[in-house]
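Enquirer: just the structure for this:
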Amino acid sequence: MKQLSTTMDLREDAVLRAYLKGYGYARLIVAGVTRHFYVTDAPADFFERIRTKTVLQGYLWTQNSISFEFTMEVGGKITVPAGPSTAGGPDERAEPANFIAFIHTADIVSANERKCLMAEVSLPFRFFTIAVARSDKSFYTEEIQYLDGRIIILSDREAVFETDHEIPPDGLVRGHLVFGGDDIEFTARITSAESGTVNRYGIEYTGMNDRERNRILEYVFSIYRE
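Expert: Just a heads-up that it's a prediction; the model follows:
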């Protein structure tokens, strides 16, 4: 999707992010669209906090990194109890299903890059450095010196980590990011450096594909709270 002039153009199964102050971001999937409103599913804890006329900030991010931002005004809520399907078949729902209806809006802002959300974390980070002058050359295993650090701020585009080691500011960092059962190997360039009892570095990923960025983003959303 390259254009979104109104929420009437939303498609079923589109993934929206809705921000509620005090909760953070909820992942909502569009279940249906009518000319009067659009309906999404909702996590139970988020559903319980929502009231009619609550206004949320919504985000839709596409695979080509175009983002859309718009307000999401709640028009109503519905809970479908667990039980047999409407066709009278076997019980396929172990838990109730929660849905929120939102009023359409044409007040949509688009951008060529999606908003970068950063969460405070504490993730072990094992890495090694690559001198830019040699980044296009092969390395032997014995040449690599692994260092230890800890990522303290994480997003799908950049991160901040701390380490006892001093790192050349014009070099590259190659390491593993481990979280929630995922293990992502990435290369990043250093964007900032602060020296102290513990050295702190800002990094920006290079060459990371959208699939890996989305895995990081899902994790960031899962822990993001005010």
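
Enquirer: contacts, neighbours, all on C-alpha from now
Expert: Fine.

Enquirer: just the pLDDT at the closest residue to residue 5 other than its chain neighbours, thanks.
Expert: Excluding its sequence neighbours, the residue lying closest to residue 5 (CA to CA, 6 or more residues apart in numbering) is residue 106, at 5.9 Å. Looking at residue 106, its pLDDT reads 93.

Enquirer: dump the residue contacts of residue 106.
Expert: 5-7 (CA atoms under 8 Å, 6 or more residues apart in numbering).

Enquirer: give me the element it is part of.
Expert: Here residue 106, judged by DSSP states H and E, is contained in no helix and no strand.

Enquirer: next: residue 218.
Expert: Residue 218 belongs to helix 210-223, assigned by DSSP H and E.

Enquirer: what about that helix, average pLDDT?
Expert: The average of the pLDDT scores along helix 210-223 is 82.

Enquirer: buried residues in that helix?
Expert: Neighbour-count burial for helix 210-223 flags 212-213, 215-217, 219-221 (criterion: 16 or more other CA atoms under 10 Å).

Enquirer: what does residue 49 show for phi and psi?
Expert: Backbone geometry at residue 49, expressed as degrees, to the nearest 10, gives phi -90, psi -20.

Enquirer: and the pLDDT at it?
Expert: Looking at residue 49, its pLDDT reads 92.

Enquirer: ok, which stretches of this protein are helices?
Expert: 44-49, 210-223 (DSSP state H).

Enquirer: just so I know, which of those lies nearest residue 172?
Expert: Closest approach to residue 172 among the helices of the chain is made by helix 210-223 (18.7 Å; CA to CA).

Enquirer: just to check, residue 221 is in contact with residue 25?
Expert: Yes - with contact defined as CA atoms under 8 Å, residue 221 reaches residue 25; the gap is 6.2 Å.

Enquirer: off-centre distance for the helix or strand of the chain with the lowest mean pLDDT?
Expert: Sorting the helices and strands of the chain by mean pLDDT, DSSP states H and E puts helix 210-223 at the bottom, at a mean of 82. Distance of helix 210-223 from its chain centroid, counting by CA atoms, centre = their mean, to the nearest Å, is 4 Å.

Enquirer: pairing partners for the closest residue to residue 190 other than its chain neighbours in the sheet, please.
Expert: Leaving out its chain neighbours, the residue that sits closest to residue 190 by CA to CA, 6+ apart is residue 203, at 4.4 Å. Beta-bridge pairing of residue 203 under DSSP bridges involves residue 159, residue 190.

Enquirer: correct me, but residue 203 touches residue 189?
Expert: Yes - checked against CA under 8 Å, the pair residue 203 and residue 189 is within contact range at 5.4 Å.

Enquirer: related to what we said a few turns ago, okay, the residue nearest to residue 190: pLDDT?
Expert: If you check residue 203, the pLDDT there is 93.

Enquirer: again, but for residue 190
Expert: So residue 190 comes in at 92 (pLDDT).

Enquirer: list the contacts for it?
Expert: Residues near residue 190 by CA under 8 Å, 6+ apart: 169-173, 201-204.

Enquirer: return a ChimeraX selection command for the buried portion of the residues you listed.
Expert: In ChimeraX, selecting the buried portion of these, with burial taken from 16+ other CA under 10 Å, looks like this:
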select :171,172,173,201,202,203,204
